[in-house]
Structures are given as C-alpha cells and as structure tokens.
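Participant: Quick one: sequence plus predicted model below, questions after.
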Amino acid sequence: MDYVKISRKILEWEWYTDINTKVLFLHILLKANWKPGRFQGTDVPRGSFVTSQQNLALETGLTLKNVRTALKHLENTGEVAVNRHPKFSVITIKNYDKYQSGGSQVAVNGQSSGSQVATIEEGKKERKEEYNKSPKGDYESRTPESSIYATIRELYNSVCGSYPRLVKMSDARKKAINARLKTGYTLDDFRKLFEKAEASDFLKGANKRNWSATFDWMICDSNMAKVLDGNYDPKDQGGMNDEPEPTNSVQLW
C-alpha cells in the first residue's frame, strides 16, 4: 500500500499550528516502516525508521535547528520516541500498532500509525541514493537552495566550535558549496570535513605561523579533498600536518 490515512482529529492536535513540527511529524509518518527489520545490528520495530537530523533536514527542507526543536516537541508530548546511536537514530511512532489495526487509521490526537511501503532495505537504498549516488546538481532539485546553505552553516557552527562562527552565506560561499555538490560531495562529506577540521590542532593554529583555517578555506575544492583525505589529522592518526600552511586567500570554486 502506497498511502497512509490521517484522522481529522489531527486538526485538534496541539502542534497542528506549529508548521515545522507538523511538517516533521507528517514526514516521520510517511517514512515509518510497516514491518520490523534490522539495521547494522540494531532492531528497527514496525512503525520506526533509521535516519539522522541531517537527513531529516535535507528531506524536509527544514534547517537543523528547526528539526532539533520540532523533534524535541514530538518527544516531549509523546508522539515519537528516539533511540540515538553514534551514527544514526531510530525514530519510533508511539502507539503505531494500536492505530494500525482496524482500517489503518493514522494520527489520533497526534499519536500516529500508518501503512508504508518503505522497508529497512528500501530506506538503506534511499539513503545511499541521497548521499552517495545522486546525479550532479540533484541537491538543487530535491531541496530549496536556501535550506542547503542554512543546513551547512548550522552544521559548521555546531561542529566547529573552535573556529569563528559563520553568520552569513555570501554569494561566493554559495557558489563554492554548489560547485562541491555538483562534483559529487554530499552533506555527509561536509559533516566529515567539519569534524576533521575541529579535531585538527594544526588547522586550529598549532603550527609555526599560528595560521588557522577558515570556513572559506575548508570549502575550497583542493583543501576540502586534503582534509577529507586525512592530511591534517593528528600525526598519531597518520596525518601529514607538518606541510607549509596554506593561505586563506583562495579561489573557492
């Protein structure tokens, strides 16, 4: 079955007028698996699915901040439960079985269930397509550009706490991000880039010139590749961070 039923009682739901929370809840409802499965050794019950906050932001067009706030709303009022793991989370719609029976009704007082064709295997395939096998430029067709930029900005600010906070996405930065996405980089690559930069003492100024990397330097094509390749990892992890410091005056695309 390729649809879900939604009860009119959702109109009385306390979060119905909160646009972000409503959008995220309906997305969760549509993504939930109709039968149990497993993912990387973790049980995924019926009415659940594997995802991440970054994935939810990309799929809904919400920012990471909006996703975090909306998910907190849904957890606090009992619509969903979230089982967090190091690299992913399992979101479960509460009372799924109760509302699944008797005509597959969905969303009674905000607590939902539904019939959904997505299985664990299909979810894994979809994530691979989203992040690893997307055609060049496909990000622009799936997600509003403003959301992509906001997601990357918030990802950088949340991960790279040792660097200056990124406030504005200039046209040059947007052009650089588009160029990286069109050559095959994914949102997950940007996350890894920022995590590696945050873990690198060399990029944070522990070098002969007290030079520090910037966001603009990180998203330059050659620099992003070198960071992801591990060139600036700590030496005890195989990094080669004793090379001359690059300049922050770089062409971004």
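Facilitator: That came through, no problem. These numbers were taken from a predicted model, which means no experiment stands behind them. Numbers count the residues shown, from 1 in each chain.
Participant: drop to CA atoms for contacts and neighbour counts, all remaining ones
Facilitator: Noted.
Participant: need the contact list for the residue minimising distance to the centre of the chain.
Facilitator: Nearest residue to the geometric centre of the chain (C-alpha atoms, centre = their mean): residue 54, 0.8 Å. Counting by C-alpha atoms under 8 Å, 6 or more residues apart in numbering, residue 54 makes contact with 64, 151, 187.
Participant: Helix or strand for it, just tell me which one.
Facilitator: Secondary structure assigned from DSSP states H and E places residue 54 in helix 53-60.
Participant: Helix or strand next in line after that helix, which one?
Facilitator: Following helix 53-60 in sequence order, the next helix or strand is helix 64-76 (DSSP H and E).
Participant: confidence score at residue 236?
Facilitator: You'll see residue 236 listed with a pLDDT of 69.
Participant: Then residue 206?
Facilitator: At residue 206, the model reports a pLDDT of 89.
Participant: What's the local residue count around it?
Facilitator: Residue 206 has 13 neighbours, counted by other C-alpha atoms under 10 Å.
Participant: residue ranges with poor pLDDT in the stretch 51-200 of the chain?
Facilitator: 98-146 (pLDDT under 70).
Participant: in it, which spans are strands?
Facilitator: In the stretch 51-200 of the chain, the strands defined using DSSP state E, counting those that start in this stretch lie at 80-84, 89-93.
Participant: quick one: the residue nearest to the centre of the chain and residue 8, what's the gap?
Facilitator: 30 Å (C-alpha to C-alpha, to the nearest Å).
Participant: And for residue 187?
Facilitator: For residue 187 relative to residue 8 (C-alpha to C-alpha), the value is 37 Å.
Participant: So for those two, which residue has more residues nearby?
Facilitator: Neighbour totals were compared for residue 187 and residue 8, and residue 187 leads with 20 against 12 (other C-alpha under 10 Å).
Participant: Looks like that one contacts residue 150 (just checking).
Facilitator: No: between residue 187 and residue 150 there is no contact under C-alpha atoms under 8 Å: 11.8 Å.
Participant: So in this protein, which helix runs the longest?
Facilitator: Secondary structure of the chain read by DSSP state H shows that its longest helix is helix 145-159.
Participant: Tell me what angle that helix forms with helix 64-76.
Facilitator: 80 degrees (axes from the mean of the first three to the mean of the last three C-alpha atoms, to 10 degrees).
Participant: Could you give me the buried positions within helix 145-159?
Facilitator: 147-157, 159 (16 or more other C-alpha atoms under 10 Å).
Participant: now stretch 163-182
Facilitator: 163, 173-174, 176-182.
Participant: Pull up the distance across that stretch, start to finish.
Facilitator: 26 Å.
Participant: What residues sit buried inside the helix holding residue 54?
Facilitator: 53-58, 60.
Participant: How far does that helix sit from its chain's centre?
Facilitator: 5 Å (C-alpha atoms, centre = their mean, to the nearest Å).
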